[in-house]
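Engineer: what's the 3D shape of this:
(one chain, ligands or ions: 1)
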Amino acid sequence: MITGKFPSLRLRRNRKSDWSRRLVEENNLTPNDFILPVFLIDGKNKKQPIKSMPEVYRYTLDKISLVVDKAIKKGLPMIALFPYTERKKKNALGTEALNENNLVCKAIQLIKNRYKNEIGIMCDVALDPYTSHGHDGLLKSGYVLNDETINVLINQSLLQAQMGCDVLAPSDMMDGRIGKIRKALDKENLKNVQILSYAAKYASSFYGPFRDAVGSTNSLKGDKKTYQMDFRNSNEALREVSLDIKEGADMVMVKPGMPYLDIIKSIKEKFKIPVLAYQVSGEYSLLSNAIKKKLVKKDVIFESIIAFKRAGANAIVSYYADRLDKIL
Ligand code: PBG
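Structural biologist: Got it, this is the predicted structure:
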């Protein structure tokens, strides 16, 4: 495959000027490659900073157009909604997830009413924003129950889909949930609601700032290692993905992002399915704080995001997505 020999071949020749580098570039980014996470909070007239994530905010519903307008103007195809849930609304069963007046449901309706199909809405399917113990499912003797949790996730999925959510993103890692959710959606004639499976989601310490953003840091007891994947494994990610594809996933997510580029690449090569990467909160905080402290130049953002494309990702969930013009 590699032909030619120095000195007749000089790879530096194609790098000699900016136009030439642009001419031979193999990867690039456009706004279509990004999904912007949006944090929601109860109340009025608030755009609330998140301490561990510089320049990321939680929005009350009356302020949501600040961020949605911006996302549309920048040409982003989709936003992902995440609720900060007050402690008093949490319980062991996470019943707030099924409240048709919860923050996510209200936000979906509001955005779909106001913006129609100008932008896609993606919602997590998982119970962790709503459970008092901070786990993604129902807990019994310290173990997250699989099949019982799926029954709740089905209802959460149906509810969010009925409210107008375009893409359901189960992020809970229960076995078999994609198939059950797909079947339930089809039965309710919600055949065109897409499923983006967080298929390869690792038990990671890079989620720290996110749990702060949604208010689950203090509630989480223990870790999520009995359901999220062991980061020593890669074959297991392929098994997860192949099952989810068989069960009806339209797209799959790899999460976290940058430490898992090898996983993105092998999924893309094996399955040829749309693969999304999630540049998670910990990655964002590390980069942003290092830039703030002038340890590195802000070019590290572009460099780290293009790595996802090089690895084969179709799109990237990134907290930088609303500031792309400053980055790209
Ligand atoms: C919830 C969920 C998490 C993230 C997205 N959805 C946290 C977790 O699983 O504990 C993390 C996102 C981020 O860190 O940016 N299931």
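
Engineer: and the residue lying closest to residue 328 once chain neighbours are set aside, how many neighbours?
Structural biologist: Using C-beta to C-beta, 6 or more residues apart in numbering and skipping the chain neighbours, the partner closest in space to residue 328 is residue 29 (5.7 Å). Glycine gets a C-beta too; all of them are placed from N, C-alpha and C. Using other C-beta atoms under 10 Å, residue 29 has 17 other residues around it.

Engineer: quick check, residue 29 in a helix?
Structural biologist: No - counting by DSSP: H, G, I helix; E, B strand; the rest coil, one finds residue 29 to be coil, located in no helix.

Engineer: pLDDT score assigned to it?
Structural biologist: Note for residue 29: predicted pLDDT of 95.

Engineer: quick one: it and residue 321 touch, right?
Structural biologist: No - with contacts counted by C-beta atoms under 8 Å, residue 29 stays clear of residue 321, the gap being 10.4 Å.

Engineer: and this structure, which residues reach the ligand?
Structural biologist: The chain has residues 124, 126, 128, 136, 171, 207, 210-211, 280-281 near the ligand, with proximity defined as C-beta under 6 Å from any ligand atom.

Engineer: what packs against the helix-or-strand element of the chain with minimal mean pLDDT?
Structural biologist: Ranking every helix and strand in the chain by mean pLDDT, DSSP states H and E puts helix 324-327 at the bottom, with a mean of 82. Judged by 3 or more C-beta pairs under 8 Å, 6 or more residues apart in numbering; DSSP states H and E, the packing partners of helix 324-327 are helix 299-311.

Engineer: now for the closest residue to residue 314 other than its chain neighbours: which residues touch it?
Structural biologist: Leaving aside its chain neighbours, residue 314 sits nearest to residue 274 (4.6 Å; criterion: C-beta to C-beta, 6+ apart). Applying C-beta atoms under 8 Å, 6 or more residues apart in numbering, we find residue 274 in contact with 250-252, 314-315.

Engineer: measure whatever residue of the stretch 1-150 of the chain ends up closest to the ligand to residue 76 for me?
Structural biologist: Using C-beta to the nearest ligand atom, the single residue of the stretch 1-150 of the chain nearest to the ligand is residue 126, 4.0 Å away. The gap separating residue 126 from residue 76 is 23 Å, by C-beta to C-beta, to the nearest Å.

Engineer: compare those two (neighbour count), which wins?
Structural biologist: Comparing residue 126 with residue 76 by other C-beta under 10 Å, the one with more neighbours is residue 126, at 26 against 22.

Engineer: can you tell me how far the residue nearest to residue 314 is from residue 237?
Structural biologist: Distance of residue 274 to residue 237, given as C-beta to C-beta: 16 Å.

Engineer: so how far is stretch 296-311 off the chain centroid?
Structural biologist: 17 Å (C-alpha atoms, centre = their mean, to the nearest Å).

Engineer: quick one: buried residues of it?
Structural biologist: Going by neighbour count (16 or more other C-beta atoms under 10 Å), the buried part of stretch 296-311 is 301, 304-309, 311.

Engineer: and for stretch 191-198?
Structural biologist: Buried residues in stretch 191-198, counted by 16+ other C-beta under 10 Å: 193-198.

Engineer: also stretch 273-292?
Structural biologist: Buried residues in stretch 273-292, counting neighbours by 16+ other C-beta under 10 Å, are found at 273-285, 287-288, 291.

Engineer: and of these, the nearest to residue 132?
Structural biologist: Among these, residue 281 lies closest to residue 132 (C-beta to C-beta), at 21.7 Å.

Engineer: from what I can see that closest one touches residue 213, true?
Structural biologist: Yes - Residue 281 lies in contact with residue 213 (C-beta under 8 Å); the separation is 6.7 Å.

Engineer: mutual contacts of the two, please.
Structural biologist: The contact sets of residue 281 and residue 213 overlap at 52-53 (C-beta under 8 Å, 6+ apart).

Engineer: quick one: which of the contacts of residue 274 sit in helices?
Structural biologist: Using DSSP state H, the subset of these located in helices is empty.

Engineer: most neighbours, which of those residues?
Structural biologist: Neighbour max across these (other C-beta under 10 Å) = residue 252, 27 neighbours.

Engineer: quick one: secondary structure of the nearest residue to that one once chain neighbours are set aside?
Structural biologist: Excluding the flanking residues, the one nearest residue 252 by C-beta to C-beta, 6+ apart is residue 199, at 4.1 Å. Assigned with three-state DSSP, residue 199 falls in the strand class.

Engineer: neighbours of residue 199, how many?
Structural biologist: Residue 199 has 30 neighbours, counted by other C-beta under 10 Å.

Engineer: just grab the bridge partners of the closest residue to residue 255 other than its chain neighbours for me.
Structural biologist: Closest residue to residue 255 apart from its sequence neighbours, by C-beta to C-beta, 6+ apart: residue 278 at 3.9 Å. For residue 278, the beta-bridge partners are residue 317 (DSSP bridges).

Engineer: thought residue 278 was touching residue 254?
Structural biologist: Yes - the pair residue 278 / residue 254 is scored as a contact, 7.1 Å apart, by C-beta under 8 Å.

Engineer: can you tell me the helix or strand for residue 159?
Structural biologist: helix 146-163 (DSSP states H and E).
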